[in-house]
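Engineer: Just to be clear, the model below is a prediction. Sequence and coordinates:
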Amino acid sequence: MRAVSPYPAGSHGAVLAHRHPSSATAQPSLAARLSPARPSLVSERVIRLMTVMVSGLALALMLISLRPFAARLTYSSGAENAGDALNQYGFLAAGGICSLALLSLANRRVLTSLLSPGFLLLGLVLAFNLMRSPYPDLMMRALLFTLIGMLIAFTMVALPRNQADFRLALGLGAGAALALSYIGLVAFPDLAKHGFDAYEPQHSGLWRGHFSHKNIAGPVMSVIAIFGLYFMRSGQRLFGFIMFAAAALFVANTGSKTTAGLFPVSIMIVMMAPIFASAGMAILTSIAAIAGVGIFTLGVLYRPDISLLVAKLTGDETYTGRTTLWEFSLSMIPNKPWLGYGLYNFWQTENVLGLDAPFEAAWDYRYIVHGHNNYLDILLNLGIIGGAVLCWVLFVAPMINYAKARQKPAKRAMADMFFMIIVFASLLSFIETFFLARNDAIWLMHIMAVFGLHLLARFEIDPGPSARASRRARAAWLKFSGPASSPPAARHNAPSGQLRG
């Protein structure tokens with residue numbers, strides 16, 4: 001197969017180009033126009049089906065992983081080796097399939113768009129950290145799985161040929177993950193709920209679904225609820241409402257108060273854009289919210305009045321002991337401020353394990369997996385220089401891309417969905433760490449939204465067959481009846497068109 005012009009003669013894109021030449025030349029089509037060598041064997045419908053299936057399976061893999069209900073695995077060396085082998089070979093195979101699908105089915109311009117300054121600088125930062133790593137073999141393996149996860153996330157948003165296909169793939173993948181967690185509650189309640197744990201007895205009975213911990217289940221289900229809101233805004237109201245309600249109910253039963261609070265805040269922030277017809281309003285509100293959450297989390301370390309207020313609002317001014325980790329992280333950052341300790345080279349390494357036991361601390365931070373704060377861990381791992389590049393790619397550039405994407409009415413609902421995920425991730429980053437975290441579901445949803453806004457800002461995406469048919473029917477009605485006798489729906493919706501996107 002070979003990619004040709006995104007606007008072939010007689011195509012819908014060609015009609016748009018004829019009517020709106022300036023907008024058509026500004027952005028190419030997201031979908032490639034492919035010309036199979038044997039059209040009789042591979043039709044356009046088959047190609048669309050292939051892209052939907054690969055995208056849906058990619059999302060399902062990101063949300064479910066290859067080891068659902070992993071809590072059941074024993075801690076014997078045999079079980080660990082089997083699990084590692086499954087992850088290694090499974091994700092390598094998934095990476096190979098996604099690479100083949102992108103090279104054969106995706107628009108070449110979409111692939112080359114990744115050669116942007118931000119992504120190239122991030123690649124240099126990762127390569128530099130690999131060269132300076134004291135354990136290059138281990139870091140290479142960890143980095144390989146991180147890149148494969150990013151490839152799978154990119155595949156999910158780059159392959160669908162129109163918005164209808166994207167929603168179909170989104171519904172298949174997210175619906176499968178949501179259904180599996182609820183099936184687990186009924187069929188495997190001992191796995192889908194936290195049991196008694198000597199280290200975390202307070203979590204007993206809380207929902208975690210097929211995820212390993214409630215702190216992963218809560219954020220991921222929040223993202224699935226955001227998917228449901230997107231379906232409702234795109235016309236699939238019943239399906240979207242069921243997905244939104246089921247995911248929100250699951251979030252409530254994970255017992256994660258912070259996640260349950262940040263999730264609706266993220267939605268309200270982004271809904272500022274359609275309400276005020278301005279992406280800038282949503283961006284400014286999100287920046288203010290990030291600053292506010294930063295004050296009410298890290299601020300408890302420095303201001304007793306903030307600590308007292310947090311205690312009154314949440315009942316725990318330590319954020320379940322996280323303040324101990326934040327205080328330790330802040331004390332270690334000045335030792336290597338510019339380049340950091342190296343990617344994957346702080347927690348669970350001699351930099352921490354070699355320290356004396358902190359008898360005065362609430363937690364023994366020597367055996368903690370991460371610092372439960374994305375921003376602090378970014379500085380610990382990559383320093384100010386690498387951290388600035390990563391923050392640009394993950395948070396700042398998506399804001400710019402969101403403002404560009406929302407200029408087109410047809411993209412607004414999808415752009416809002418991706419930006420909701422970015423805002424939610426930026427707020428959640430004050431209490432969790434998931435950046436560059438291999439196949440972590442929260443990280444994969446975050447980078448998928450980054451890629452989604454990157455593509456929406458640079459490419460046109462066709463709304464799909466049903467939307468085109470609706471536009472043609474509306475145009476035919478207007479031609480038949482004239483401007484003075486527009487159908488009631490058209491007359492009613494016209495003034496609010498800018499707000500509904």
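Structural biologist: In hand now; what should we look at?
Engineer: who touches Phe434 in this structure?
Structural biologist: 374, 425, 440, 442-443, 446 (CB atoms under 8 Å, 6 or more residues apart in numbering). C-beta: built from backbone N, CA, C; applies to glycine.
Engineer: Now render the residues you listed as CSV, adding distance to Leu172 and secondary structure.
Structural biologist: Compiled in CSV, the contacts of Phe434 are given as follows (distance: CB to CB, whole Å; DSSP: H, G, I helix; E, B strand; the rest coil):
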residue, distance to Leu172, secondary structure
Asn374, 30, helix
Ala425, 23, helix
Asp440, 22, coil
Ile442, 21, helix
Trp443, 21, helix
His446, 21, helix
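Engineer: now the strands for the protein?
Structural biologist: Ranges of strands in the chain, per DSSP state E, are 3-4, 33-34.
Engineer: which stretch in those strands is the model least sure about?
Structural biologist: Across the strands of the chain, strand 3-4 has the smallest mean pLDDT, namely a mean of 42.
Engineer: What pLDDT does the model give the spatially closest residue to Phe119 that is not a sequence neighbour?
Structural biologist: In space, and not counting its chain neighbours, Phe119 is closest to Val393: 6.6 Å by CB to CB, 6 or more residues apart in numbering. Note for Val393: predicted pLDDT of 98.
Engineer: Pretty sure Val393 sits against Val450.
Structural biologist: Yes - contact status for Val393 versus Val450: in contact at 6.8 Å, counting by CB atoms under 8 Å.
Engineer: Who has more neighbours out of the two?
Structural biologist: Using other CB atoms under 10 Å, the more surrounded residue of Val393 and Val450 is Val450, with 25 against 21.
Engineer: do you know how far that one is from Phe263?
Structural biologist: Distance, Val450 to Phe263, using CB to CB, to the nearest Å: 19 Å.
Engineer: got it, and Arg167?
Structural biologist: From Arg167 over to Phe263 the distance is 21 Å, taken as CB to CB.
Engineer: Equivalent analysis for Leu102, please.
Structural biologist: 31 Å.
Engineer: Neighbour count for these two, which is higher?
Structural biologist: Neighbour count, other CB under 10 Å: between Leu102 and Phe263, Phe263 has more, with 25 against 19.
Engineer: Helices of the stretch 251-400 of the chain, residue ranges please.
Structural biologist: Secondary structure of the stretch 251-400 of the chain by DSSP state H, counting those that start in this stretch: the helices cover 257-270, 272-276, 279-297, 304-314, 322-332, 350-353, 374-391, 397-405.
Engineer: ok and the last one relative to helix 279-297, angle-wise?
Structural biologist: Just to be clear, that refers to helix 397-405. Between the axes of helix 397-405 and helix 279-297, defined by axes from the mean of the first three to the mean of the last three CA atoms, to 10 degrees, the angle is 160 degrees.
Engineer: distance between helix 397-405 and the chain's centre?
Structural biologist: A distance of 15 Å separates the centroid of the chain from that of helix 397-405, by CA atoms, centre = their mean, to the nearest Å.
Engineer: Hmm, Ile422 and Ile226 touching each other?
Structural biologist: No - if you go by CB under 8 Å, Ile226 and Ile422 don't touch, sitting 10.6 Å apart.
Engineer: Domain parsing of the protein, as residue ranges.
Structural biologist: Per automatic domain parsing, the structural domains of the chain span 1-38, 43-126+155-254, 256-463, 467-500.
Engineer: Dump those into TSV; add distance to Gly149 as well.
Structural biologist: Output for the domains of the chain, formatted as TSV (distance: least, CB to CB, whole Å):
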stretch	distance to Gly149
domain 1-38	22
domain 43-126+155-254	7
domain 256-463	5
domain 467-500	32
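Engineer: Between those, which one is closest to Ala142.
Structural biologist: Within those, the stretch nearest Ala142 is domain 256-463; the backing value is 5.3 Å (CB to CB).
Engineer: neighbours around Leu121, how many?
Structural biologist: Using other CB under 10 Å, Leu121 is surrounded by 17 other residues.
Engineer: for this protein, what are the low-confidence residue spans?
Structural biologist: Applying pLDDT under 70 to the chain flags the ranges 1-26, 35-40, 71-83, 196-199, 466-501.
Engineer: swap the cut-off to 50 and go again
Structural biologist: Scanning the chain for pLDDT under 50 picks out the ranges 1-25, 72-83, 477, 484-501.
Engineer: Grab the longest helix from the protein for me.
Structural biologist: For the chain, the helix with the greatest residue count under DSSP state H is helix 77-105.
Engineer: Flag every buried residue along it.
Structural biologist: 87, 91, 94-95, 97-98, 101-102, 105 (16 or more other CB atoms under 10 Å).
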